[in-house]
Structures are given as C-alpha cells and as structure tokens.
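Enquirer: I would like the atomic coordinates for the input below:
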Amino acid sequence: MANIDVNRWVEAVLNDFTKSVPDDFLYFVLGSVPLISYTKDIGYQRSIKDIDIIADASKFSSVKKNLDNLGYKQGTFIDKKMPFYKYLNKLAEKKYFRFYKEDKNLEIMTSDIEIINDQINFEIYPGIKFSFPLSGINKIRFGKTVIKAVIPEVLYCIYSFGLKTYGRFVKTNIDQRKKDLYFLSKIVDKKKLNLVVSQICLHLGGIKIRIPRITII
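Expert: Numbering: from 1, shown residues only. Purely as a prediction, here's the structure:
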C-alpha cells in the first residue's frame, strides 16, 4: 500500500481544475482519484499517476485558456499502445487532452455530453457512446477540494467493463487494474450496483446495447 503523501500533488491540480471551470460546467472525475478516495477507509492506497476527467466540450475553450494561465502545457494522452491509435491521434488536439505542469498530469476527454431522461450520455470513442444514470455522479472530497465524480458502483462497472474490452488489447498495468477492481468490490453496494448495471448502455449509431451482466469478484 502506498503512503498517502505521494498523492499530495493531486489536490493541488484538482484545485486548479475546479478554479478553471464555470460553476455550471458539466464534468466528472473517474479512474484512480475517486478509487483512492473511496478505498482509503478500508486501507487501500496507491500512487496516482494522473487525473482522469470527462468534460463537456461546450465552454471548454475557456477552461483551456484558464489552465494555460495557470502554467499548464497542453499535449495528448493518446499513445501508440491504444487501439485505433492512428485514427484517435487525428482527434487528439480537440478531444483527448493532457494538461501537465511539473510532471503532474491532468487528462481530459471532451464530449458533447447530453442529459436525457435522467441519463448522462457521452462519446467514449468516435461513434460509440456510453450512458449511465445521472445519479451515478456525486460530489466528493479529495483532501479539501470538492469535485464531481462517479459513485463507487459506476466506477466498478467502468473498471470491470474496461478489463473485459479495452483490457484484452492493452495489457499495461493489467495486474494493477485487477487489484483496483478487487478492493473497489469491497465497498460497493450490491443492490445499487445491480440497479446501475441495469441502466448502463452502449450506443452504436442508433442501436442501444445493455452492457453484459457484472458481478462482484
């Protein structure tokens, strides 16, 4: 288990981000930041490599400008290990952002986020959308900074589904991702998880597909 001190940089970067977005800006944090926030009470801690955020493309130009004013440089998190690298790389400058300062990474994927019938709907790959209940986003604290993040049950679905799909192609840190999922399973509410799973969908063009059944490992 990692010492929590190695993640002190995270709160400062999150604070920079929250200062850079309007109050009504639609975004949510996923990945290791909410994971570590949720699992710290059961003793699971590890170092956080970067901060992962899904953000609405609307008004994002002003967010980029604000981060630039705070000293962040702009790049992309798309790399050659990813499926469809050449195609995704063409979209990198307007969709897949990495903002970095002093080797601290803030990775943001933008999308035209929609809220329809209490479902949040966003594009994860060109032509492929993902939706889950709007109630799957809540405010949490990382240190003293308040952020909008996915709840544990949604995060568990994302991790589990990711291992079964993306994880088949990209094996980098696969053992770490499995370990994260294991400890996350210790804190999710099983009834809430079943409800969330029943409402999560992939959208391929006009086709709506329920994700495969997810069980606690």
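
Enquirer: Could you check how far Asp41 is from Asp52?
Expert: Distance, Asp41 to Asp52, using C-beta to C-beta, to the nearest Å: 21 Å. In short, each C-beta sits where N, CA and C put it, glycine included.

Enquirer: More neighbours: those two, which one.
Expert: Set Asp41 next to Asp52 and count neighbours by other C-beta atoms under 10 Å: Asp52 wins out with 19 against 8.

Enquirer: My understanding was that the more buried one contacts Glu107; is that so?
Expert: Yes - with contacts counted by C-beta atoms under 8 Å, Asp52 reaches Glu107, the gap being 5.3 Å.

Enquirer: Could you pull out the strands in the chain for me?
Expert: 27-30, 50-56, 73-75, 96-101, 104-111, 114-116, 119-125, 128-133, 137-142, 145-150, 201-204, 207-210 (DSSP state E).

Enquirer: Reformat those strands as JSON lines; add distance to Asn66 and mean pLDDT.
Expert: Output for those, formatted as JSON lines (distance: least, C-beta to C-beta, whole Å; pLDDT from 0 to 100):
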{"stretch": "strand 27-30", "distance to Asn66": "13", "mean pLDDT": "96"}
{"stretch": "strand 50-56", "distance to Asn66": "13", "mean pLDDT": "96"}
{"stretch": "strand 73-75", "distance to Asn66": "12", "mean pLDDT": "89"}
{"stretch": "strand 96-101", "distance to Asn66": "10", "mean pLDDT": "90"}
{"stretch": "strand 104-111", "distance to Asn66": "12", "mean pLDDT": "93"}
{"stretch": "strand 114-116", "distance to Asn66": "24", "mean pLDDT": "92"}
{"stretch": "strand 119-125", "distance to Asn66": "22", "mean pLDDT": "89"}
{"stretch": "strand 128-133", "distance to Asn66": "27", "mean pLDDT": "91"}
{"stretch": "strand 137-142", "distance to Asn66": "20", "mean pLDDT": "95"}
{"stretch": "strand 145-150", "distance to Asn66": "16", "mean pLDDT": "96"}
{"stretch": "strand 201-204", "distance to Asn66": "31", "mean pLDDT": "86"}
{"stretch": "strand 207-210", "distance to Asn66": "36", "mean pLDDT": "80"}
